[in-house]
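Student: fold the following.
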Amino acid sequence: WVKSRLSQIRNFDSICFGLFAIYSASLGSRSFVVAEDAAVGHLTLTALLLHGAKFYRDFAGVPPAKRKSKRSPFDRPGVVLILYAATQIAATRVSSAFFSCREEQENCERSDFVRPRDALDRSTKVGHFAVAFACLATACVALRRFLKANGNIEGCVPMAVVSSYLVPAAVVCAAGHSAIQGFAVQSGGVTHFLWLQIALAQCVYVIAVIAVVVYVIAPLTVRTVELSDRTDPIHRAFKILKSELNVKDDKGDDNDDDPGGIVAVQGLASVYSSPLLILYSAILVLLVMLVGDGLTGSIFLMLTQQLLFLEVYSACVKLRAQSQKQPFISVSWYAVIIWHLLGSQYFFASGHQTTLTSIRFEAAYVGFHGDFQHYLVPGGLVLLHTFVSQFLSVITLPLLVIWPMSRATWLRLGQGRGPDDSGNGHGEVDLYENGEWFRDEIVRVFLINTVLAAIKLIVTVLTAALLRRHLMVWSMFAPRFLFEAVSFLIVQLFSVLTFLLVQRLNLSVRNWFLVLNLRSQMHSPNISREKSLDSNLPQSDLPWSCDVVFGPLNFWMRVYYVISSGGGAKFGAENVIHPI
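Tutor: Residues are numbered from 1 along each chain as shown. Model prediction:
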C-alpha cells in the first residue's frame with residue numbers, strides 16, 4: 001500500500017512549490033507572522049520528509065549492489081530512510097531551542113542560547129563553550145578526513161596549507177576569544193585581557209581574508225606527480241595493466257625501460273568541491289565567532305540537515321542519470337526550494353525575529369572596541385549576524401550542482417554502482433569537460449533562488465501596502481517587509497560574488513589543463529618550441545564579467561606557469577593522466 005501511494009507522487013517539484021506558495025501567501029496573515037518561526041520549520045520538515053519518501057520510492061525496486069565483502073546497512077533504502085527521517089526530525093526539533101521571543105507571543109520563555117553572556121551562570125557558559133568548541137573541532141577533523149580521502153591535502157598546495165594550518169589556527173583563536181569573553185574577570189567595568197580578546201578576533205578576520213585571497217589566486221587543490229620511479233606502486237600497477245592489455249606506445253614497443261610519461265593526479269576527482277569546502281570552513285569559523293558560542297549549535301544543525309539532504313539528493317540524481325542514460329541531470333526545482341526553506345527556517349533558529357528589537361547590535365563590537373569613525377564594518381557585521389542563515393544558504397548553493405558528481409558514496413544502492421557512475425566516470429572533472437552546461441546550471445540555480453526570494457518580497461510589499469491602515473502595520477508588517485527587502489539584497493549580492501568565485505575556480509581548472517598540455521608540447525620532439533603560445537590556447541567560455549575581473553590575473557599566471565615549466569619535469573607527448 002505504501003509503495004502504491006508513493007508511486008502516485010509524480011511531480012515532486014509541484015509539491016514543493018506548493019509548500020513554498022503556502023508559506024509565501026501566509027506572510028499576509030498576522031497570526032502566521034507571529035508564529036512564523038514554528039510554521040516555516042514544519043513546512044521545511046514536511047518537504048524534507050517528502051523527499052525521503054521520494055528517495056525510498058526511487059530505490060525500492062533497485063537490486064542491491066554486488067559486494068565481495070559484507071553488506072552494509074546503507075544498502076537497504078528502508079534503513080537509510082529511517083535514519084534520514086529521524087535525523088531531520090531531531091534536528092528540526094532541537095533547532096526550536098534557539099528561537100527568540102516576540103512581544104506578541106504569549107507564554108514564550110527566552111532560551112538560554114539567546115540570552116546575553118552576562119545573564120548566564122558559570123555552568124551554562126561552560127556548557128555553551130564546550131558545545132561550540134566540539135562543533136568546531138568536529139568540522140575541522142571532518143574536513144581534513146574528507147580532503148585526505150580525496151587526495152586534496154598532499155603537497156604544498158596553497159589551499160591545502162590553508163586547510164592544514166590556517167583553519168585550525170582560526171579555530172584556536174575563536175575558542176580563545178570566546179573563552180576570554182565568557183570567563184574573563186571584570187574589575188571597574190573593564191574586562192581583563194581585553195587586548196588579547198580583540199587580537200584573537202582580528203586574527204580570525206585576517207585568516208578568513210587570507211583564505212579568500214588564496215582562493216582567488218590559486219584555488220586548486222590538485223597535485224601532479226610524474227611517476228619516474230619504477231618501484232612506485234602506481235607505476236607497477238600501470239605496467240601490469242599495460243602488459244595484460246598488450247598496449248603499445250607510438251613507437252611500437254612497450255618501452256619498459258622508460259618509466260616516464262605517466263602522470264598521477266591527486267585530488268582531480270574532487271577538484272571543485274574541495275576548494276569550496278576549504279573556503280567555507282574559514283568563513284564558518286568567522287561566523288561561529290560572530291554569532292557567539294550559544295548559537296553555534298544552530299549553525300551546525302543547519303549544516304547537518306544540508307549535508308544529509310545533499311547525500312540523499314545526490315543518490316537520487318545518480319540513479320536517475322543511470323536509468324535515463326544521461327550523463328548530466330539538471331538541478332531540480334524542489335532541491336533549490338528545500339535549500340531556500342532551510343535558510344528561512346534557520347533565520348529564526350539562529351536567535352532572530354523580524355522585529356527591530358531583535359537585532360543583535362553587539363555583533364558590531366566583535367573584534368573591535370570603542371567608537372567607530374566609519375560604519376561600514378560594524379554595519380556589515382550586524383547584517384552578517386542577522387542574516388547568517390541566508391548567507392550560508394546562498395554561498396553553498398553551487399554544491400547542488402557539484403556534489404552529485406562524486407559524492408553519495410555511502411548510498412550504493414544500485415546494481416554495481418560506484419561513486420562515479422554518472423557522466424564519463426571522472427568525478428567532478430566531467431564538469432570542466434562540459435563547461436557550458438556547468439556554467440548554465442550554476443546560473444540557473446542562482447536564478448531559481450532569486451525567483452523564490454522575489455516572490456516572498458513581492459508578497460510582503462503587497463501585504464504592507466494593502467494593510468497600511470492595519471493596527472499592527474508598524475509593529476509587524478512593515479518590519480517584516482524591511483527584513484525581507486534587506487535579505488533579498490543580500491541574496492543578490494552574494495549570488496553574484498559566489499558565481500564569480502565558482503567561475504574563478506573553473507578558470508583555474510582550465511588553466512591547469514592548459515599548462516599540462518603546454519608542458520607536453522614544449523618537451524615533445526614533434527612540436528616546435530617557437531610555436532606561438534596563443535595558437536594553443538582554447539577560447540574561454542566564461543562570461544565577459546569573469547574575463548574583466550580575472551583577466552589580468554589569468555594572464556600573469558599563464559606567463560608564470562609557462563616560464564616555470566621549462567625547468568620542471570619533462571612530459572612526453574603520450575602522457576597518461578590518472579586521477580587518484
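
Student: drop to CA atoms for contacts and neighbour counts, all remaining ones
Tutor: Fine.

Student: what number of residues lie near Trp195?
Tutor: 12 (other CA atoms under 10 Å).

Student: same question but for Arg145, I mixed them up
Tutor: Taking other CA under 10 Å as the neighbour definition, Arg145 ends up with a count of 14.

Student: element containing it, please.
Tutor: Assessed by DSSP states H and E, Arg145 sits inside helix 122-149.

Student: buried stuff in that helix?
Tutor: Of all the residues in helix 122-149, those buried under the rule 16 or more other CA atoms under 10 Å are 125, 128-129, 131-133, 135-136, 139-140, 143-144, 146-147.

Student: may I see these arranged in a markdown table, with pLDDT and distance to Phe193 as well?
Tutor: Converted to a markdown table, the buried residues of helix 122-149 look like this (pLDDT from 0 to 100; distance: CA to CA, whole Å):
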| residue | pLDDT | distance to Phe193 |
| --- | --- | --- |
| Lys125 | 86 | 18 |
| His128 | 88 | 21 |
| Phe129 | 89 | 18 |
| Val131 | 89 | 23 |
| Ala132 | 89 | 21 |
| Phe133 | 88 | 20 |
| Cys135 | 89 | 25 |
| Leu136 | 88 | 23 |
| Ala139 | 88 | 28 |
| Cys140 | 88 | 27 |
| Leu143 | 88 | 32 |
| Arg144 | 88 | 32 |
| Phe146 | 86 | 37 |
| Leu147 | 86 | 36 |
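
Student: now the spatially most central residue of the chain: how far from Ile448?
Tutor: For the chain, the residue lying nearest the average C-alpha position, counting by CA atoms, centre = their mean, turns out to be Thr396 (3.6 Å). According to CA to CA, to the nearest Å, Thr396 and Ile448 sit 14 Å apart.

Student: picking up where we left off before, how far does the helix holding Arg145 sit from its chain's centre?
Tutor: On the basis of CA atoms, centre = their mean, to the nearest Å, helix 122-149 is displaced by 18 Å from the centre of the chain it belongs to.

Student: which helices and strands sit right next to it?
Tutor: Counting contacts by 3 or more CA pairs under 8 Å, 6 or more residues apart in numbering; DSSP states H and E, the secondary-structure elements packed against helix 122-149 are helix 167-183, helix 273-291, helix 296-324.

Student: and of the ones you listed, who's closest to Val34?
Tutor: Closest to Val34 of the helices and strands packed on helix 122-149, according to CA to CA: helix 296-324, at 20.9 Å.

Student: need the next SSE after the closest one, C-terminal direction.
Tutor: Next along the chain after helix 296-324, taking DSSP H and E as the criterion, comes helix 333-348.

Student: kindly format the C-alpha coordinates of that next one as PDB.
Tutor: Backbone C-alpha positions of helix 333-348 (Å, rounded to 0.1, in the frame of the first residue of the first chain) are rendered in PDB as follows:
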ATOM      1  CA  TRP A 333      13.400  23.000  -8.500                       C
ATOM      2  CA  TYR A 334      12.500  21.100  -5.400                       C
ATOM      3  CA  ALA A 335      16.200  21.000  -4.400                       C
ATOM      4  CA  VAL A 336      16.600  24.700  -4.500                       C
ATOM      5  CA  ILE A 337      13.200  25.200  -2.800                       C
ATOM      6  CA  ILE A 338      14.200  23.000   0.100                       C
ATOM      7  CA  TRP A 339      17.600  24.800   0.300                       C
ATOM      8  CA  HIS A 340      15.800  28.100   0.400                       C
ATOM      9  CA  LEU A 341      13.400  26.900   3.100                       C
ATOM     10  CA  LEU A 342      16.300  25.800   5.300                       C
ATOM     11  CA  GLY A 343      17.800  29.200   5.100                       C
ATOM     12  CA  SER A 344      14.400  30.800   6.100                       C
ATOM     13  CA  GLN A 345      14.000  28.300   8.900                       C
ATOM     14  CA  TYR A 346      17.400  28.900  10.500                       C
ATOM     15  CA  PHE A 347      16.900  32.700  10.300                       C
ATOM     16  CA  PHE A 348      14.600  32.100  13.300                       C
END
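
Student: what residues does the next helix or strand after that helix touch?
Tutor: Proceeding N to C from helix 333-348, the next assigned helix or strand is helix 376-386, under DSSP H and E. Outside of helix 376-386, the residues within contact range by CA atoms under 8 Å, 6 or more residues apart in numbering are 287, 290-291, 347, 352, 359-365, 372, 391.

Student: kindly supply the ChimeraX command isolating those of these that are buried.
Tutor: The buried subset of the contacts of helix 376-386, as determined by 16+ other CA under 10 Å, is captured in ChimeraX by this line:
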select :287,290,291,347,352,359,360,363,364,365,391
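
Student: max pairwise distance over the contacts of helix 376-386: which two?
Tutor: Across those, the two members that end up farthest from each other (CA to CA) are Phe347 and Phe372, 27.5 Å apart.

Student: check which residues of stretch 101-110 are buried.
Tutor: Judged by neighbour count (16+ other CA under 10 Å), stretch 101-110 contains these buried residues: 101-102.

Student: so where's the chain uncertain?
Tutor: Counting by pLDDT under 70, the chain contains low-confidence ranges at 1-10, 61-75, 184-192, 225-264, 407-426, 519-580.

Student: all strands of it, in order?
Tutor: 186-187, 190-191, 223-226, 262-266, 576-579 (DSSP state E).

Student: follow-up on the earlier one: quick one: residues contacting the residue nearest to the centre of the chain.
Tutor: Contact criterion CA under 8 Å, 6+ apart gives no residues in contact with Thr396.

Student: any idea how far apart the tips of stretch 149-163 sit?
Tutor: Separation of the first and last residues of stretch 149-163 by CA to CA is 14 Å.

Student: now do the buried residues in that stretch.
Tutor: Of the residues in stretch 149-163, those buried by neighbour count under the rule 16+ other CA under 10 Å are 150-154, 157-163.

Student: do the same with stretch 25-38
Tutor: By neighbour count on 16+ other CA under 10 Å, the buried set for stretch 25-38 is 25-28, 32-34, 36-38.

Student: who touches it?
Tutor: The contact list for stretch 25-38, computed with CA under 8 Å, 6+ apart, reads 39, 96, 99, 102, 104-105, 345, 348-349, 459-460, 463, 476.

Student: alpha carbons of that stretch, as CSV, please.
Tutor: In CSV, the C-alpha atoms belonging to stretch 25-38 read as follows (Å, rounded to 0.1, in the frame of the first residue of the first chain):
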residue,chain,number,x,y,z
ALA,A,25,0.9,33.5,0.9
SER,A,26,0.7,33.2,4.6
LEU,A,27,3.0,36.1,5.1
GLY,A,28,-0.1,38.3,4.8
SER,A,29,-1.6,36.8,7.9
ARG,A,30,-0.9,38.4,11.3
SER,A,31,-1.2,35.1,13.1
PHE,A,32,1.3,33.4,10.8
VAL,A,33,3.8,36.3,11.1
VAL,A,34,3.7,35.9,14.9
ALA,A,35,4.2,32.1,14.7
GLU,A,36,6.4,32.2,11.5
ASP,A,37,9.4,30.6,13.3
ALA,A,38,7.5,27.4,14.1
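
Student: off-centre distance for it?
Tutor: Average the C-alpha atoms of stretch 25-38, do the same for its chain, and the two points are 30 Å apart (CA atoms, centre = their mean).

Student: equivalent analysis for stretch 301-320, please.
Tutor: Relative to the chain's own centre, stretch 301-320 is displaced by 12 Å; criterion: CA atoms, centre = their mean.
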